[in-house]
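Trainee: got a predicted model here, sequence first, then my questions.
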Amino acid sequence: MRIAIYPKANKDVPRKDDELNLVPLLLPYDGEFMELFYKSFNLVRAFIKADTRVPTPVALPVAEDRFVTRDLQQRAMFPVVQVTDVIRDMSQQDLLEERPVV
């Protein structure tokens, strides 16, 4: 299943689109959110392309991004589920409200 993020317009609710095989996730956002989302996506992509090692400064020029990938690289030998649990626990979970998709 794919999840699509797009600007919230009117009072639409999340629902599964069987034709497109995705759940449109309505998310109010501004340019700053999309910049952070895109930056995070590129950080992960560079990390994977570098075979889960810290990418070169040319590939990832921002020092903070390389810090994050260094943190991920140090956990490379641990099971993925344990790593994602630790990263999730570092997050601000109270910022999200979970509801089942109808």
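Mentor: Sure thing, it's come through. Numbers count the residues shown, from 1 in each chain.

Trainee: for the chain, what spans make up the strands?
Mentor: 2-6, 22-26 (DSSP state E).

Trainee: pLDDT below threshold where in this protein?
Mentor: Residues of the chain that meet the criterion pLDDT under 70 lie in 1-12, 26-31, 95-96, 102.

Trainee: would you quantify the distance from Q93 to I87?
Mentor: Distance, Q93 to I87, using C-beta to C-beta, to the nearest Å: 11 Å. For the C-beta atoms, the positions are set from N, CA and C on the backbone; glycine is no exception.

Trainee: quick one, which of the two is more surrounded?
Mentor: I87 (13 against 9; other C-beta atoms under 10 Å).

Trainee: contacts made by the longest helix seen in the chain with the rest, please.
Mentor: The single longest helix within the chain, with elements called by DSSP state H, is helix 31-49. With contact meaning C-beta atoms under 8 Å, 6 or more residues apart in numbering, helix 31-49 is reached by 5, 27, 53-55, 59-60, 65, 68-69, 72-73.

Trainee: which pair in these has the greatest spatial separation?
Mentor: L27 and R53 (32.1 Å; C-beta to C-beta).
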